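Asks: Next one to model:
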Amino acid sequence: MKTLFAIVTFVLGFSFCQAETLKLVMSLDDEYTVQDTEKWTVSVQRYMTLRLADVEVLPKEKKSFSLMLYFKCDTKDLAQFNTPEKMKRSVIASSKKYLGGIVEKEIVAEEIKNKGWYGFKTKLTDASLVGKKSIPAGEFLYIIRGMIRLSDDSALGFSLMANDPDSAETKELEKYIYGFAKEKKT
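Replies: Next up is the predicted model:
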């Protein structure tokens with residue numbers, strides 16, 4: 001029955017990628033719902049059932065941020081992010097490509113504790129925008145990159161670009177990101 005469900009979801013997944021509401025199946029036990037909110041447009045850019053989903057979140061009005069979510073199946077057979085050490089190493093390694101254009105001289109990962117799971121994030125500052133009186137539309141002073149564990153079988157990478165990492169909107173977006181995690185069973 002689970003196999004039939006997975007096959008049907010896989011076939012339907014590709015045809016509904018631009019729908020307003022979509023269920024993303026990352027494992028036989030993990031399903032995540034993404035949908036537009038009152039303030040944000042949410043669109044699935046790429047989806048492979050039982051593998052991955054790339055989801056873009058943008059504001060409906062002023063272009064005050066840009067958020068990408070990277071849902072990842074990480075079952076025991078894949079085990080890419082199944083320990084805090086592997087996840088931290090991944091966040092740091094994938095952020096090193098920015099070193100040539102940021103203020104920070106090294107990538108430092110901050111630990112995230114969420115619903116009993118682990119995660120890491122880093123905040124990077126665009127050196128070309130520091131000190132500018134106004135930042136052009138579509139450009140952002142900061143990028144917050146990271147990854148959190150969602151369950152035993154799934155992880156979520158994220159890339160949030162914003163001009164104020166401490167704003168109420170940024171905090172609301174981080175709450176949205178962390179909200180995908182399931183409570184860890186002890």
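Asks: Do a quick rundown of the helices in the chain.
Replies: In the chain, the helices defined using DSSP state H lie at 2-15, 84-95, 168-178.
Asks: Pick out the shakiest of those helices, pLDDT-wise.
Replies: With a mean of 44, helix 2-15 has the lowest mean pLDDT of the helices of the chain.
Asks: Spit out the contact partners of A109.
Replies: Counting by Cβ atoms under 8 Å, 6 or more residues apart in numbering, A109 makes contact with 88, 91-92, 120-122, 146. From N, CA and C alone the C-beta is placed, and that goes for glycine too.
Asks: how does it look with 10 Å?
Replies: Each residue near A109 by Cβ atoms under 10 Å, 6 or more residues apart in numbering is listed here: 87-92, 95, 119-122, 145-147.
Asks: State the pLDDT value of it.
Replies: Confidence at A109, expressed as pLDDT, is 97.
Asks: do you know how far it is from K171?
Replies: Shown here: A109 relative to K171, a distance of 19 Å by Cβ to Cβ, to the nearest Å.
Asks: can you check S128 too?
Replies: As judged by Cβ to Cβ, S128 and K171 stand 26 Å apart.
Asks: okay, now F158: neighbour count?
Replies: Residue neighbour count, defined by other Cβ atoms under 10 Å, stands at 24 for F158.
Asks: shouldn't it be in contact with K72?
Replies: No: with contact defined as Cβ atoms under 10 Å, F158 does not reach K72; the gap is 11.1 Å.
Asks: shared neighbours, those two?
Replies: Residues within reach of F158 and of K72 at once, by Cβ under 10 Å, 6+ apart, are M147.
Asks: Quick one: low-confidence residue ranges for this protein.
Replies: In the predicted model of the chain, residues 1-20 satisfy pLDDT under 70.
Asks: would you list every one of the strands in it?
Replies: Using DSSP state E, the strands of the chain run over 21-27, 30-35, 40-48, 52-59, 65-73, 110-114, 117-125, 142-149, 154-162.
Asks: What's the local residue count around the residue lying closest to G101 once chain neighbours are set aside?
Replies: In this structure, G101 finds its nearest non-sequential neighbour in A127, 5.7 Å apart by Cβ to Cβ, 6 or more residues apart in numbering. A127: 14 surrounding residues under other Cβ under 10 Å.
Asks: who touches A127 in this structure?
Replies: Counting by Cβ under 10 Å, 6+ apart, A127 touches 98, 100-104, 141.
Asks: For PyMOL, what selects the buried ones among those?
Replies: Applying 16 or more other Cβ atoms under 10 Å to the contacts of A127, the buried members can be selected in PyMOL as follows:
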select buried, resi 98+102+141
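Asks: Which two among the contacts of A127 are spaced furthest apart?
Replies: G100 and L141 (16.8 Å; Cβ to Cβ).
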